[in-house]
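*Asks:* What follows is a predicted protein model with its sequence.
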Amino acid sequence: MDRLFRIVAPILVLGAILYYAFHKYGHFATPHVSSGSSSGSSSGSNGGSTLLSSGDKAMADKLAPFIDCINTADSKLAEATRAYRKMVVALKTDLHKYEYPAASDFAIAGRFEKFEQHNGDGLSCASGLEKASAMPKVADLDAIGPDYAATLRKLAPLARQADFYYNQRDYQDDHMARGTELDSQIAPLLDHLRQLSHGMRAGVERENRILKQHELDATEAREGKGVRWQTLNFMIQSRATYEKMQELANSGKLDAASMEEAIQPTQAAFDSATAYAAAHPREVSEQRGATWNRIDNSASFYLASLKELRRELQSKLTAYWINTQISRVERDFNSMVDSYNRGVQFD
């Protein structure tokens, strides 16, 4: 294994796992195309017919509550969990020496209250996952959804008690007696939710990848490989590169060569879209919605972040700097997805 990873792989893998678990799922929505669309010149319109089949639309509806849960309760809970575990260990070790930094870390993370938002995000997530089980069957998600929802409902009252206990600093009075009791109930639930979270994210990514390929094929059949196809193709390749980066980091196999290989499909899609836009300026300017002129700048930033990560890996920088760059890649990817999704609203 590369010398860099003999030295820093445990740190890098931990950082990558945290990065993966604690951030939102960058889902890009499905645009619509008007019934009169044809290759080369037409633009989308509000109320147009979707490119997806009725079966695919039903699957997209099923995935929606999972994605919403990942982006709200799941991500917020993961952030609070990291700080909570650090705090509990610190306070059990030395109540006075570590009291301030440990408790403040938990407060900065928003405590468990952030995931609940006064029973909003957590219970809304649970309700959505329970309803999703009645939609098209997906074996792993149908098992995970109700289990995740039930575990959230068990955690919610305990989380409220923990928030009050630590916010009041009652651990100073009872020397962490109640904190230890609460943790014996909370910790198993958090461990189970973490396992379910990984499965939920993997299942959503898999099913969404299938939907996007169907959408790309339908776009080509209806319009050819015009500006809309070029844009969606770039988004799909970008997501594939993003997922590959996560996979490599989580397995400790992220190096310059593997990153360069992962970047190539995104680079090729970027070059193709850029060349098409330059050759068809009128089509690009007339198109509304989620098209290349809406995301080209953010796409360029995302690609630049990927290349910078590859350079840092090649230079064998420390795990700290590599993880910092991974976070920048994530930021630029989600910014690009946000730009694309704002365009979908105009289709």
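*Replies:* Received, thanks.
*Asks:* okay, CA-based contacts and neighbour counts for the rest of this
*Replies:* Fine.
*Asks:* quick check: mean pLDDT across the host helix or strand of Glu207?
*Replies:* Taking DSSP states H and E as the definition, Glu207 sits inside helix 177-223. Averaged across helix 177-223, pLDDT comes to 94.
*Asks:* That one packs against which elements?
*Replies:* Contact partners of helix 177-223 among helices and strands, from 3 or more CA pairs under 8 Å, 6 or more residues apart in numbering; DSSP states H and E: helix 54-69, helix 75-93, helix 139-167, helix 171-174, helix 227-250.
*Asks:* repeat that with 7 Å
*Replies:* helix 139-167, helix 227-250 (3 or more CA pairs under 7 Å, 6 or more residues apart in numbering; DSSP states H and E).
*Asks:* Most tightly packed of those?
*Replies:* helix 227-250 (a mean of 22; mean count of other CA atoms under 10 Å).
*Asks:* Give me the contact list for that one.
*Replies:* 13, 16-17, 20, 216, 219-220, 254, 259, 262-263, 265-266, 269-270, 273, 277, 284, 291-292 (CA atoms under 7 Å, 6 or more residues apart in numbering).
*Asks:* ok now it, how far from the chain's centre?
*Replies:* The chain centre lies 13 Å from the centre of helix 227-250; the measure is CA atoms, centre = their mean, to the nearest Å.
*Asks:* Let me know the next secondary structure element after it.
*Replies:* helix 256-279.
*Asks:* Let me see the mean pLDDT of that next one.
*Replies:* Helix 256-279 comes out at a mean pLDDT of 97.
*Asks:* So what touches it?
*Replies:* With CA under 7 Å, 6+ apart, helix 256-279 has contacts from 227, 230-231, 233-234, 237-238, 241, 244-245, 284, 310-311, 313-314.
*Asks:* Tell me which residues of the helix or strand that that helix is followed by come out buried.
*Replies:* The helix or strand immediately downstream of helix 256-279 is helix 281-286, counting by DSSP H and E. Under the neighbour-count criterion of 16 or more other CA atoms under 10 Å, helix 281-286 has 283-284 buried.
*Asks:* Just the C-alpha atoms of helix 281-286, please, in CSV.
*Replies:* The C-alpha trace of helix 281-286 is given here as CSV (Å, rounded to 0.1, in the frame of the first residue of the first chain):
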residue,chain,number,x,y,z
PRO,A,281,-25.4,28.8,-28.3
ARG,A,282,-29.0,29.5,-29.4
GLU,A,283,-30.3,26.2,-28.1
VAL,A,284,-28.6,26.8,-24.8
SER,A,285,-29.9,30.3,-24.4
GLU,A,286,-33.5,29.3,-25.3
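*Asks:* Just the CA coordinates for the following helix or strand past it, please, in CSV.
*Replies:* The helix or strand immediately downstream of helix 281-286 is helix 292-314, counting by DSSP H and E. In CSV, the C-alpha atoms belonging to helix 292-314 read as follows (Å, rounded to 0.1, in the frame of the first residue of the first chain):
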residue,chain,number,x,y,z
TRP,A,292,-26.0,23.5,-18.9
ASN,A,293,-26.0,27.3,-18.6
ARG,A,294,-27.4,27.0,-15.1
ILE,A,295,-24.8,24.7,-13.8
ASP,A,296,-21.7,25.3,-15.9
ASN,A,297,-19.9,27.5,-13.3
SER,A,298,-20.6,25.2,-10.4
ALA,A,299,-19.7,22.2,-12.5
SER,A,300,-16.3,23.8,-13.2
PHE,A,301,-15.8,24.4,-9.5
TYR,A,302,-16.7,20.8,-8.6
LEU,A,303,-14.3,19.4,-11.2
ALA,A,304,-11.5,21.7,-10.0
SER,A,305,-12.1,20.4,-6.4
LEU,A,306,-11.8,16.8,-7.6
LYS,A,307,-8.5,17.6,-9.4
GLU,A,308,-7.1,19.4,-6.4
LEU,A,309,-7.9,16.3,-4.2
ARG,A,310,-6.0,14.2,-6.8
ARG,A,311,-3.0,16.6,-6.6
GLU,A,312,-3.0,16.5,-2.8
LEU,A,313,-3.0,12.7,-2.9
GLN,A,314,-0.2,12.7,-5.4
